[in-house]
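K.L.:
Build me a structure from this.
(2 chains)
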There are 2 protein chains.
Amino acid sequence: MREEPTAPRASPSLRGDEKVTSADVDEVRVAALSPEILIGDLDGNLGRIRDAISAAALRGTRLMVLPELATSGYMFAGRAEAEKAALTSDDARWGAVCDAIPERAVVVVGYAETAGGRLYNTAAVLTRDGRLADYRKSHLWGIEKLVFDQGTEAGIVVDTSFGRLGVALCYDNEFPEVPRRLALAGADVLALPVNWPLVPCPAGEHAPELIQAMAAARSSRLPVVIADRWGSERGVDWTDGTAIVDEQGWIVAFRAVMGATAVLSLASAREKSLPPHNHLFDDRRMDIY
Amino acid sequence: MREEPTAPRASPSLRGDEKVTSADVDEVRVAALSPEILIGDLDGNLGRIRDAISAAALRGTRLMVLPELATSGYMFAGRAEAEKAALTSDDARWGAVCDAIPERAVVVVGYAETAGGRLYNTAAVLTRDGRLADYRKSHLWGIEKLVFDQGTEAGIVVDTSFGRLGVALCYDNEFPEVPRRLALAGADVLALPVNWPLVPCPAGEHAPELIQAMAAARSSRLPVVIADRWGSERGVDWTDGTAIVDEQGWIVAFRAVMGATAVLSLASAREKSLPPHNHLFDDRRMDIY
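P.N.:
Residues are numbered from 1 along each chain as shown, chains lettered A, B, ... in the order given. Sure, this is the predicted structure:
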């Protein structure tokens, strides 16, 4: 038997004194939020992100996911323009976002991160008390390769007050290795901020990236909260693929204007056995691959 | 960079003198065939398999796939009953099946294989000239664990006259590791004999195993030819999920009574680049996983 792959755990670094450790909450209400995002409009986007969080907070939501690069927009002409719309992870403007987050809730939101001369496509993992982690995208799509530096982790798993939260970004999840590794590292649910450009699909079919997310969810009983863009930006139409996929791989909420919301069973997600004879993880043939 | 995983190549062992080596044929017509299968009716099943091959041969098909355990049926009461419906790989009755295969075509058909006191859930890879390979299922589902011994390869890749043929069986393909490894080992198309028990699905959704096959196809540009069962056997309803999935992950043929048939572009399947900046295989972050 080989050793299990270990996805790195983010170390909680909070502003307060309380250290967050994972609790095994059985059920959580989650939301995928997709406010209007205007390219380059950093302060406007931050305001709309804050408003979307406040609206979802009324419903007792424990996990809120917003799109990739939600603070900045996506279709940059080049690195220089992206740098102008970038934030550091300790920018004072994060404070107003965190203040909108209710107690016990976690927000995952994409932003352009500037850090010591480098520029990343990053997902911030935030609570009311501050920052749990930043995940820097490690599989860059298209012109992102000309704009961003690549991260050094293939997704992360973060301890939260409801359980272990996996975080990946868009194209990351199209590599079957990524969600599988995060599930094996103990993720109970995957937050997936995306910007999916609309592609042609046969009638009646979901977007291909959503099919991949459904399959990955079922393969490892890893539910996924996907926040996508809608409308268009500089000639690119977005898929509006915002969706919540349960641990069986089925879509349980889709494209709601105010944000898709659903209750996920993390207890079921944690149960990898398929009675009476099978087990999603133990049936892997680690002796031959 | 780690080394690529290498799926074992089957060594052609032919009856004739001609050694089969892979040619790079750009397009092939493929068929997924699903004749009536009656449990325990070995000779009847072999006859119906032969007839289905003969019918598909008229259409110039180069690859024909039949269901898992097509010669024997599936819902055995136990090992003893399965042994009675088993064949050795060199049983004389294979001759009549091979005789029905047209020149240059390859047939993949599931059978219960008895071999030196062991019993396997096996896929035979046959040509008119004889046997290219046998693949013994290595991920056993449900009561198969009580009936069959498990194989020692996670799918195989076989050189054929049209290209490199991946072979896996049913539950094997629900492990994302399996189709990924076969694609990385050079498979141009995957033959997937299955017996999918019908499970509840939300309205408008494909069977979950088919969604997983579509996702795996897209992740690695590996088209899949799936032959499933229809009807029912000893109280189990089958999914009738017979389908051909192209290298983009879309279903191009589905559930035809005489067998689903389609032309697949192996040239497109072999092309793993996503211009201008991406590549399905090279974008994997083998430095971090």
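
K.L.:
Give me the three-state assignment for residue A:219.
P.N.:
Per DSSP: H, G, I helix; E, B strand; the rest coil, the secondary structure class of residue A:219 is helix.

K.L.:
And for it, the neighbour number?
P.N.:
One way to gauge burial is a neighbour count; for residue A:219, by other CB atoms under 10 Å in any protein chain shown, it gives 22. Quick note: C-beta positions are derived from backbone N, CA and C, even for glycine.

K.L.:
That one and residue B:208: what is the separation?
P.N.:
For residue A:219, the distance to residue B:208 equals 10 Å [CB to CB, to the nearest Å].

K.L.:
list residues touching both of the two?
P.N.:
Taking CB atoms under 8 Å, 6 or more residues apart in numbering or on different chains as the contact definition, residue A:219 and residue B:208 share the neighbouring residues residue A:249.

K.L.:
Please name the residues that touch whichever residue of the stretch 101-250 of chain A sits closest to chain B.
P.N.:
Using CB to the nearest CB, the single residue of the stretch 101-250 of chain A nearest to chain B is residue A:215, 3.3 Å away. Going by CB under 8 Å, 6+ apart, residue A:215 touches A:249, B:176, B:211-212, B:214-216.

K.L.:
Let's see which of the residues you listed end up in helices.
P.N.:
When the contacts of residue A:215 are checked against helices using DSSP state H, the ones located there are B:211-212, B:214-216.

K.L.:
any idea which of the residues you listed is closest to chain A?
P.N.:
In terms of CB to the nearest CB, no member of these lies closer to chain A than residue B:215, at 3.3 Å.

K.L.:
Leaving out sequence neighbours, find the closest residue to the closest one.
P.N.:
Nearest residue to residue B:215 in three dimensions, chain neighbours excluded: residue A:215, at 3.3 Å (CB to CB, 6 or more residues apart in numbering or on different chains).

K.L.:
got it, and residue A:271?
P.N.:
Closest residue in space to residue A:271, ignoring its immediate chain neighbours: residue A:221 at 7.1 Å, by CB to CB, 6+ apart.

K.L.:
wait, that neighbour sits on residue A:183?
P.N.:
Yes. When contacts are counted by CB atoms under 8 Å, residue A:221 is listed as touching residue A:183 (7.3 Å).

K.L.:
of those two, who's got more company?
P.N.:
Each of residue A:221 and residue A:183 had its neighbours counted (other CB under 10 Å), and the higher figure belongs to residue A:183 (25 against 21).

K.L.:
Stretch A:58-66: which residues count as buried?
P.N.:
By neighbour count with 16 or more other CB atoms under 10 Å in any protein chain shown, stretch A:58-66 contains the buried residues A:61-66.

K.L.:
try stretch A:256-271
P.N.:
Taking 16+ other CB under 10 Å as the neighbour-count basis, stretch A:256-271 is seen to contain the buried residues A:256, A:259-262, A:264-266, A:269.

K.L.:
for chain A, what spans make up the helices?
P.N.:
Listed in chain order, the helices of chain A (DSSP H) span A:42-57, A:79-84, A:94-99, A:144-147, A:177-184, A:208-220, A:266-270.

K.L.:
Including distance to residue A:155, could those helices go into JSON lines?
P.N.:
Compiled in JSON lines, the helices of chain A are given as follows (distance: least, CB to CB, whole Å):
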{"stretch": "helix A:42-57", "distance to residue A:155": "22"}
{"stretch": "helix A:79-84", "distance to residue A:155": "22"}
{"stretch": "helix A:94-99", "distance to residue A:155": "22"}
{"stretch": "helix A:144-147", "distance to residue A:155": "16"}
{"stretch": "helix A:177-184", "distance to residue A:155": "5"}
{"stretch": "helix A:208-220", "distance to residue A:155": "11"}
{"stretch": "helix A:266-270", "distance to residue A:155": "16"}
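
K.L.:
So which of those helices is nearest residue B:100?
P.N.:
In this view, these are compared for proximity to residue B:100 by CB to CB, and helix A:208-220 is the closest at 35.5 Å.

K.L.:
so how many other residues sit close to residue A:100?
P.N.:
Using other CB under 10 Å: residue A:100 sits among 20 other residues.

K.L.:
mind checking how far it is from residue B:95?
P.N.:
The separation that residue A:100 has from residue B:95, given CB to CB, amounts to 74 Å.

K.L.:
Residue A:206 too?
P.N.:
Taken as CB to CB, the spacing of residue A:206 relative to residue B:95 amounts to 46 Å.

K.L.:
circling back to that earlier point, from the buried residues of stretch A:256-271, which ones fall inside strands?
P.N.:
A:260-262, A:264-265 (DSSP state E).

K.L.:
my guess is residue A:172 meets residue A:137, correct?
P.N.:
Yes. Under the contact definition of CB under 8 Å, residue A:172 touches residue A:137, with a separation of 6.2 Å.

K.L.:
Report the residue spans of the stretch 51-200 of chain A with pLDDT below the cut-off.
P.N.:
Per-residue confidence of the stretch 51-200 of chain A (counting by pLDDT under 70) places no residue in a weak region.

K.L.:
interface residues of it facing chain B?
P.N.:
Residues of the stretch 51-200 of chain A found near chain B (CB under 8 Å from any CB of the partner chain) are A:138-139, A:141-143, A:145-146, A:152-154, A:171, A:174-178, A:180-181.

K.L.:
and those residues, which are buried?
P.N.:
Buried residues within these, defined by neighbour count using 16+ other CB under 10 Å: A:138-139, A:141, A:143, A:153-154, A:171, A:174-178, A:180-181.

K.L.:
now for those residues, which pair is the farthest apart?
P.N.:
For these, with distances taken as CB to CB, the pair at the greatest spread is A:143 and A:180 (27.7 Å).

K.L.:
if we can go back for a sec, could you redo the ones in strands among the buried residues of stretch A:256-271 as JSON lines and give each row pLDDT and distance to chain B?
P.N.:
Compiled in JSON lines, those are given as follows (pLDDT from 0 to 100; distance: CB to the nearest CB, whole Å):
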{"residue": "A:260", "pLDDT": "93", "distance to chain B": "15"}
{"residue": "A:261", "pLDDT": "95", "distance to chain B": "18"}
{"residue": "A:262", "pLDDT": "96", "distance to chain B": "13"}
{"residue": "A:264", "pLDDT": "98", "distance to chain B": "16"}
{"residue": "A:265", "pLDDT": "97", "distance to chain B": "16"}
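
K.L.:
Show me which of those residues is closest to residue A:28.
P.N.:
residue A:264 (5.8 Å).

K.L.:
Look up how far residue A:82 lies from the spatially closest residue to that closest one that is not a sequence neighbour.
P.N.:
Spatial nearest neighbour of residue A:264, excluding adjacent residues (CB to CB, 6+ apart): residue A:223 at 4.8 Å. Distance of residue A:223 to residue A:82, given as CB to CB: 31 Å.

K.L.:
and the two? which has more neighbours close in?
P.N.:
residue A:223 (28 against 25).

K.L.:
Find me the pLDDT at that one, would you?
P.N.:
As predicted, residue A:223 sits at a pLDDT of 98.

K.L.:
who's in contact with it?
P.N.:
Counted by CB under 8 Å, 6+ apart, residue A:223 has contacts A:188-190, A:217, A:244-247, A:264, A:266, A:269.

K.L.:
Contacts only, for residue A:171.
P.N.:
Shown here is residue A:171, whose contacts under the criterion CB under 8 Å, 6+ apart are A:137, A:139-141, B:283.

K.L.:
contacting residues around the closest residue in space to residue A:82 that isn't next to it in sequence?
P.N.:
The shortest distance from residue A:82 to any non-neighbouring residue, by CB to CB, 6+ apart, is to residue A:76 (4.2 Å). For residue A:76, the residues meeting the contact criterion (CB under 8 Å, 6+ apart) are A:39, A:82, A:85, A:143, A:147.
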